[in-house]
Every structure is written in C-alpha cells, then in structure tokens.
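In: this one's sequence-less:
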C-alpha cells in the first residue's frame, strides 16, 4: 500500500519501442498515467486511515505514550489520595469497616498507578519475572474459573436457578473483562 506508485510503470511506458504505432503507444501511456494517478489518489488518501485502523506505530511512540500515561496516572493518584485525605480529615476516628474501605481505596489507586508504570516494561519485571499486576490478573482469572465451575455445579445439582446462574456469570464476565483492561 505504501510502495512506489508508478515510477517504474511510467518509465516502462515511455520505453515502448518506436515501432509500436502512435495510437497504441498513446493508449499505453494514457492507461499507465491513469493507473498511477488512481493509485496515488486512492492509496495515498486512504493510507493514514489504514495505519490508524491497523494501529501501526513505532516502538518509540508506544513507549512515549505509555510513559505519558504512567506520569498522568501518578499525578492523578497523588491528587486522588490528597482528596481522600481531605475528605476524612474532619471526621472522627474511622471505625474498622470505614478504615477497611479507606485502605481499599488507597490500595486500588496505588495498584492502578503501579500497573501504568509496569506497562513500560511490557508486562515483565527487570529480571524477566512476571510483574505484580500480571501475577494478580493471572491468579484472579484462575479464581474466576474456579468460581464458574462451582456455579455450574450448583446449577447442575438444581440448587441454583438458570436465571440466577446467568446473573452470577455476568458478574464474573464483567470482572474478567475489567482484568483485560
């Protein structure tokens, strides 16, 4: 799609020997010229859309995008945690459940920021080992599969209705889809 567009074809058309009739020579030149113009217009104007559709980019661009995303995620994390601190600052000492919720919010924010930085390494750590986020996703997927097996077994034993099974499976599917992000 991005190759040479007609330079060789035009050269070959102009190299048609003089023994060929003038009418046939003009037809070869005309057809070659219109083919070259057609490919320039069609391929040339659709090339950027094709690149976007195929998501072609250089490794450097991808790295820079991931770096910018990680830096933005870090800035958002810091602002989000500061807002959480402001929200709980004026309140009494949180009870055990409130403290668990606050801790979960902090952990989720840190995990999101950490995964953005991990993407810079392509999913592996410095020594080639699995990153914590990749390990979490892999283990959680296995857990979800085990949960699915239990739900299906309970349905097969007629201890769970089909409609309830569909709802439970939809929740697991949603969590698994979020893991893919």
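Out: Structure received. Bear in mind that the values here come from a model prediction, so they are computed numbers and not experimental data.
In: for this protein, which helix is longest?
Out: helix 22-54 (DSSP state H).
In: going by neighbour count, which residues of that one are buried?
Out: If you call a residue buried by 16 or more other C-beta atoms under 10 Å, then helix 22-54 has these buried ones: 25, 28, 32, 36, 39. Using the backbone N, CA and C atoms, a C-beta is placed for each residue, glycine as well.
In: pLDDT check: weakest of those residues?
Out: Scanning the buried residues of helix 22-54 for pLDDT, the low point is residue 39. It has 80.
In: sorry, back to before: mind checking what helix or strand follows the longest helix of the chain in sequence?
Out: From helix 22-54 onward toward the C-terminus, using DSSP states H and E, the following helix or strand is helix 59-89.
In: hang on, the earlier thing: and which of the buried residues of helix 22-54 is nearest residue 118?
Out: residue 39 (43.8 Å; C-beta to C-beta).
In: can you report how many residues lie near residue 87?
Out: 11 (other C-beta atoms under 10 Å).
In: low pLDDT regions in the protein?
Out: Filtered on pLDDT under 70, the chain yields the residue ranges 1-5, 56-59, 119, 121-128.
In: let me see the domain layout of it.
Out: Taking the TED database as the reference, the chain has its domains at 7-54, 59-180.
In: and the shortest one, how far from the chain's centre?
Out: Translated: domain 7-54. 38 Å (C-alpha atoms, centre = their mean, to the nearest Å).
In: any idea how far residue 82 lies from residue 54?
Out: 41 Å (C-beta to C-beta, to the nearest Å).
In: buried stuff in the helix or strand harbouring residue 135?
Out: If you go by DSSP H and E, residue 135 is part of helix 132-156. Across helix 132-156, burial judged by 16+ other C-beta under 10 Å covers 133, 134, 137, 144, 148, 151, 155.
In: do the same with stretch 62-78
Out: Quick answer for stretch 62-78 (16+ other C-beta under 10 Å): 66, 70, 73, 77.
In: adding distance to residue 111, write those out as a markdown table.
Out: Converted to a markdown table, these look like this (distance: C-beta to C-beta, whole Å):
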| residue | distance to residue 111 |
| --- | --- |
| 66 | 17 |
| 70 | 13 |
| 73 | 11 |
| 77 | 10 |
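In: which one is residue 110 nearest to, not counting chain neighbours?
Out: residue 77 (6.9 Å; C-beta to C-beta, 6 or more residues apart in numbering).
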